[in-house]
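In: requesting a structural model of the entry that follows:
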Amino acid sequence: MARKPEKGVHGHAIGYQRGCELCEQKVREHRATPAATVARRRASADAQQRRDATRAGRLAGLSSSEGGKVVAMPTRTQNQPAAVTPGANEAAVIEQCAMSKLADAKPGIVSQARSLARILDTKELMTIWPRTSSQLQALLRELDGPRKKMAPRLATISTMAGRKAKAQ
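Out: Next comes the predicted model:
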């Protein structure tokens, strides 16, 4: 037996939302008609035209000072990056890498060190300078290679031990 619709609900949008069987059946029947299919296609085409017009309006708002000419694609001169002079930290890293023995063997580390030095040259990134600095120092130590142990180290330790023994 079909459920009786609530009073004031049947025939309204809320009837479909609340589950009125008569309203649900009418919606199913309407969606199945060719006219409804055409209306849906027309609505989506209209929506697409509105989106296209909106996009065109946005592009028209980006006109240049040269007679309102709209430039949609960048020119070759806009694609080329501006020549950037290295800052103080980057110049120091470049110089230190030039003197390093392992710089030619490890170009990736050199590139990373230069990138970190650029961060240290940028004032807007001041909040990450401490961490960046420690990372840069670790990379530069790696480029310097392993440190040689000092040969007279054992002699120094033995003299210190001898002084300590004499003091007691």
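In: any idea whether Lys148 is helix, strand or coil?
Out: coil (DSSP: H, G, I helix; E, B strand; the rest coil).
In: could you shift the numbering so residue one becomes 57, and keep it that way?
Out: Done: numbering now begins at 57, and the last item shifts to Lys204.
In: okay, now the domains of the protein?
Out: As given by automatic domain parsing, the domain ranges for the chain are 69-111, 144-200.
In: comparing the ones you listed, which comes out most buried?
Out: domain 144-200 (a mean of 15; mean count of other C-beta atoms under 10 Å). Using the backbone N, CA and C atoms, a C-beta is placed for each residue, glycine as well.
In: so where's the protein shaky on pLDDT?
Out: 57-75, 113-139, 205-210, 220, 223-224 (pLDDT under 70).
In: what do you get if the cut-off is 80, keeping everything else the same?
Out: The model of the chain has pLDDT under 80 over residues 57-98, 100-102, 106-107, 109-140, 202-224.
In: all the helices of this structure, residue numbers only.
Out: For the chain, the helices defined by DSSP state H occupy 69-74, 77-88, 90-116, 132-135, 144-155, 163-177, 185-200, 209-223.
In: follow-up on the earlier one: redo the domains of the chain as CSV? Include distance to Ala211.
Out: As requested, the domains of the chain are exported to CSV (distance: least, C-beta to C-beta, whole Å):
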stretch, distance to Ala211
domain 69-111, 79
domain 144-200, 26
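In: to Ala221, which of these lies closest?
Out: Closest to Ala221 of the domains of the chain, according to C-beta to C-beta: domain 144-200, at 36.7 Å.
In: and that closest one, end to end?
Out: Domain 144-200 has its terminal residues 20 Å apart, counting by C-alpha to C-alpha, to the nearest Å.
In: what of stretch 81-100?
Out: The first-to-last residue distance of stretch 81-100 comes to 24 Å (C-alpha to C-alpha).
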